[in-house]
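# Output the structure for:
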Amino acid sequence: MKVTSSSSTLATICAALAAPSADGFAPRDNGVRSSSSSLAMGVKSTILTKAAYPAVAAAVAGTAGVKFILDRPSRAYNADSVAKEYDEWTQDGILEYYWGEHIHLGYYSEEEMAAGYKKKDFIQAKYDFIDEMMKFGGIDASVDAGAKVLDVGCGFGGTSRYLADKLGPKAEVTGITLSPNQVKRGTELAEERGLPNAKFQVMNALEMDFPDNSFDIVWACESGEHMPDKEAYINEMMRVLKPGGKFVMATWCQRDDRKVPFDKKDKRDLRFLYEEWTHPYFISIEAYEELIDATKLMGGVKTADWCEPTIASWRHSIWVGVYDPRGFIFKPTKYLKCARDAYCLERMHRAFKRGLMEYGMFAATKKEE
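Take a look at the predicted model:
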């Protein structure tokens, strides 16, 4: 399948129009035409070229107009925006169609990247991510069978169900989200999978109803991005974790601007990433580590930047839509939203590629009392 973007096509046309022959006319065929015929062809070519200018100019203007619209973020954060957006994403089914049950990035090994990330199954990459995150957090089915697990910001529960299955029927996994539609869909899928040990409820992660020391494992995957109070987010997770319990978190981070200050482009790009996907703000890996340490409840914090094994997810998620447009082709009212999301995915890729964004990983154990 050959895909040509409108911008690359326009670039080709413009390059061709900008490169006439040395005498200003069309090239001669081996110098055999008479000067009069060459002149006639040159005039004709010039007329055709001039006739093409309005069409090219309109196409260029149209492309610039679309870019202008896409560069204006449309989903800024407010008190209700996260629940609203995830309710809509769950209801329209497009995200589930392409991303499967897991609304998080995938994991790609060095070998898979070298072979070409598009050769890997996009959904399998997400399962691999969970397995790698379990390893990073020291979570093992042989040791943690029967654990009480909290999945903070569970989406429609793909990871919660995976952990419930992986850790066995004695485990109890509770997923919390702000989205009622995600709770409904997560519960439906748990019933379909025969996983009664995976439960879901609507709850604010910044004000959890659970008592202190309730869970053996607290798991948070790509939920910190949406939290308007990062300190309260960390404090609540540390509070409900049992002494000796395991904490593991994955979240998008911006680089530490105390080391390399943000310039105007950085600030402009971050603002777009905040306001297009309803994020209040990001913080750095170092800032999260400091918040965890400040609770004085945890042992040493292990951190890492998983940009390299996850960055392929951004463009891979665009390509699965290109190869299979059925997920949105019968939903005409969703075309613009899908176009905006694809554009934001590319903007995310570039931000991670140049080091403006980092993929933060964190693991720690709560101190014994």
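
# low-scoring stretches of the stretch 1-150 of the chain, by residue?
1-69, 73-74 (pLDDT under 70).

# Now do the strands in it.
148-152 (DSSP state E, counting those that start in this stretch).

# ok, which stretches of it are helices?
For the stretch 1-150 of the chain, the helices defined by DSSP state H, counting those that start in this stretch cover 6-17, 35-70, 81-92, 94-99, 110-115, 122-136, 141-144.

# same for the shortest one, what does it pack against?
Based on contacts counted as 3 or more Cβ pairs under 8 Å, 6 or more residues apart in numbering; DSSP states H and E, there is no element that helix 141-144 packs against. No exception for glycine: its C-beta is placed from N, CA and C like everyone else's.

# care to break the chain down by domain?
6-70, 81-365 (automatic domain parsing).

# Now render these as a markdown table, adding mean neighbour count.
Shown next, in a markdown table, are these (neighbours: other Cβ atoms under 10 Å):
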| stretch | mean neighbour count |
| --- | --- |
| domain 6-70 | 12 |
| domain 81-365 | 18 |
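
# Find the nearest non-adjacent residue to residue 93, please.
Nearest residue to residue 93 in three dimensions, chain neighbours excluded: residue 327, at 7.8 Å (Cβ to Cβ, 6 or more residues apart in numbering).

# wait, isn't the one you found in contact with residue 99?
No. Contact status for residue 327 versus residue 99: not in contact, 9.8 Å apart, counting by Cβ atoms under 8 Å.

# Mind listing the shared neighbours of these two?
Both residue 327 and residue 99 lack any common contact, where contact means Cβ atoms under 8 Å, 6 or more residues apart in numbering.

# quick one: the residue nearest to residue 93 from residue 122, how far?
Here the distance between residue 327 and residue 122 works out to 12 Å (Cβ to Cβ, to the nearest Å).

# which residues are in contact with both of the two?
With the criterion set as Cβ under 8 Å, 6+ apart, the overlap between the contacts of residue 327 and residue 122 is residue 98.

# and stretch 257-270, how far out from the chain's middle?
The gap between where stretch 257-270 is centred and where its chain is centred comes out at 20 Å by Cα atoms, centre = their mean, to the nearest Å.

# For it, measure first residue to last.
Terminal residues of stretch 257-270 are spaced 12 Å apart (Cα to Cα, to the nearest Å).

# swap in stretch 114-126?
18 Å.

# contacting residues around that stretch?
Counting by Cβ under 8 Å, 6+ apart, stretch 114-126 makes contact with 98-100, 102, 104-108, 112, 158, 312-313, 315-317, 319-320, all of which sit outside it.

# Assign the residue nearest to residue 213 when sequence neighbours are not counted to helix, strand or coil.
For residue 213, the nearest residue in space outside its immediate sequence neighbours is residue 242; the separation is 4.7 Å by Cβ to Cβ, 6+ apart. Taking DSSP: H, G, I helix; E, B strand; the rest coil as the rule, one finds residue 242 in the strand state.

# residue contacts, residue 242?
Taking Cβ under 8 Å, 6+ apart as the definition of contact, the neighbours of residue 242 are 213, 214, 215, 216, 366.

# For those residues, name the two members farthest from one another.
Across the contacts of residue 242, the longest distance by Cβ to Cβ is 11.7 Å; it joins 214 and 366.

# residues in contact with residue 256?
Taking Cβ under 8 Å, 6+ apart as the criterion, residue 256 is in contact with 284, 285, 286, 287.

# Out of those residues, which is nearest to residue 295?
Checking the contacts of residue 256 against residue 295 by Cβ to Cβ gives residue 287 as the nearest, at 13.8 Å.

# That closest one: what's it in contact with?
Taking Cβ under 8 Å, 6+ apart, one finds 230, 253, 256 in contact with residue 287.

# can you rerun that using 10 Å?
By Cβ atoms under 10 Å, 6 or more residues apart in numbering, the contact set of residue 287 is 230, 231, 253, 254, 256, 257, 258, 360.

# With distance to residue 274 and secondary structure added, can I get the residues you listed in a markdown table?
Conversion of those to a markdown table gives the following (distance: Cβ to Cβ, whole Å; DSSP: H, G, I helix; E, B strand; the rest coil):
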| residue | distance to residue 274 | secondary structure |
| --- | --- | --- |
| 230 | 13 | helix |
| 231 | 18 | helix |
| 253 | 13 | strand |
| 254 | 10 | strand |
| 256 | 17 | coil |
| 257 | 14 | coil |
| 258 | 19 | coil |
| 360 | 16 | strand |
